[in-house]
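[1] the following block contains a protein sequence and its predicted model.
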Amino acid sequence: MKRRALFMAATAMSFGALAQPAPVKVLAAGSLRAALTDVARAFEAGMPGAKVELGFGASGLLKDRLAGGERADVFASANMAHPQALAAAGKAAPPQAFARNTLCALGAAGFRATPETLVDRLLDPAVRVGTSTPKADPAGDYAFAMFERIEKSGRPGAQKILADKALQLTGGPNSPPPPKDRNVYGMLVATGQADVFLTYCTNVVIAQREEPALVRIEVPEAVNVSASYGVTLLDGAPEAAQQFVKFMLSPAGQAVLARHGFAAP
């Protein structure tokens, strides 16, 4: 009888484990780490039993992993192009815009610039300008698009000068992995690997929280670039994943993103 009771208990535990829904697997842009973690916790709190498993990285590299067959339910990108590419390949639903971001300059403690003098400082041969890696990381694409806008604003040759001098320090396939316990942009500038880093304004907020001596310089509106973030459901995504995306787009989800500095789509 004791053996039978143990068998029944083990069987019940097995069926209980099987009854637990699988976590919603979300792959997302690194710039969403703090915000989407809070979105996921809020979603779980409002839907007992639901779990969200988050993974972060450069959007372009995540897109390549998904295109290569890695399984996920939701892909949240720092641009619309990468999720659209998956949709065009028949691997995902058409993406929806869910947030916006803009570029800011993160300067070292001794870096001096204002919005009016920022372009001149970036063009100074002595100033080391950090960016993310274009194509692999949308933040790099946006920075290089900013270089183009600077040239078109009346600075002949600026695009090539800035593109040639840009230190592509993050987001590439060969970039060192970001530290788990620090903002990578703040760490790079604070340790002297760049004098100024062009990144999302939301990243600058986090970097200054960790490294208060770093300075934020607003990028002039005439040359700034707006980043539109897109989310898509991968083929085979369960109902819980659909509910998670709906929550991201809901007023409650948008309020969480707004607290982290993201604008509405």
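    Arrived safely, thanks for sending.
[2] and for residue 68, the neighbour number?
    Residues within reach of residue 68, counting by other CB atoms under 10 Å, total 7. For glycine as for every other residue, the C-beta is placed from the backbone atoms N, C-alpha and C.
[3] repeat that for the one 4 residues further on.
    Applying the criterion other CB under 10 Å, we find 21 residues in the vicinity of residue 72.
[4] element containing it?
    Residue 72 belongs to no helix or strand when assigned by DSSP states H and E.
[5] my guess is it meets residue 234, correct?
    Yes: using CB atoms under 8 Å, residue 72 is in contact with residue 234, at 5.5 Å.
[6] can you pull the contacts of residue 198?
    Applying CB atoms under 8 Å, 6 or more residues apart in numbering, we find residue 198 in contact with 103, 104, 105, 106, 129, 130, 131, 139, 143, 146, 219.
[7] does the residue nearest to the last one when sequence neighbours are not counted have beta-bridge partners, and which?
    The shortest distance from residue 219 to any residue other than its chain neighbours is 5.0 Å, reached at residue 103 (CB to CB, 6 or more residues apart in numbering). With beta bridges defined as DSSP bridges, residue 103 has these partners: residue 200.
[8] residue 87: which of the contacts of residue 198 is nearest?
    Looking at these and their distance to residue 87, the nearest is residue 139, at 21.9 Å (CB to CB).
[9] so what's residue 3 scoring on pLDDT?
    Among the per-residue scores, residue 3 holds a pLDDT of 48.
[10] the chain: helices as residue ranges?
    Remark: helices assigned in the chain by DSSP state H are 2-19, 33-46, 59-67, 81-88, 118-123, 138-152, 158-165, 184-190, 201-210, 239-249, 251-259.
[11] number of nearby residues for residue 126?
    For residue 126, the count of nearby residues is 6 (other CB under 10 Å).
[12] measure how buried residue 25 is and give me the count.
    20.
[13] and if you look at the one 5 residues further on?
    The tally of other residues near residue 30 (other CB under 10 Å) stands at 21.
[14] one step back: residues bridging contact with residue 72 and residue 234, i.e. touching both?
    Residues touching both residue 72 and residue 234 by CB under 8 Å, 6+ apart: residue 66.
[15] of all the helices of the chain, which one is nearest residue 96?
    Shortest distance between residue 96 and the helices of the chain, using CB to CB, is found for helix 239-249: 6.7 Å.
[16] CA atoms only: put that closest one into CSV for me.
    The C-alpha trace of helix 239-249 is given here as CSV (Å, rounded to 0.1, in the frame of the first residue of the first chain):
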residue,chain,number,x,y,z
GLU,A,239,-2.3,32.5,-26.1
ALA,A,240,-0.3,33.7,-23.1
ALA,A,241,2.2,35.3,-25.5
GLN,A,242,-0.6,37.1,-27.3
GLN,A,243,-1.9,38.3,-24.0
PHE,A,244,1.6,39.6,-23.1
VAL,A,245,1.8,41.6,-26.3
LYS,A,246,-1.7,43.0,-25.7
PHE,A,247,-0.5,44.0,-22.2
MET,A,248,2.6,45.8,-23.6
LEU,A,249,0.2,47.9,-25.8
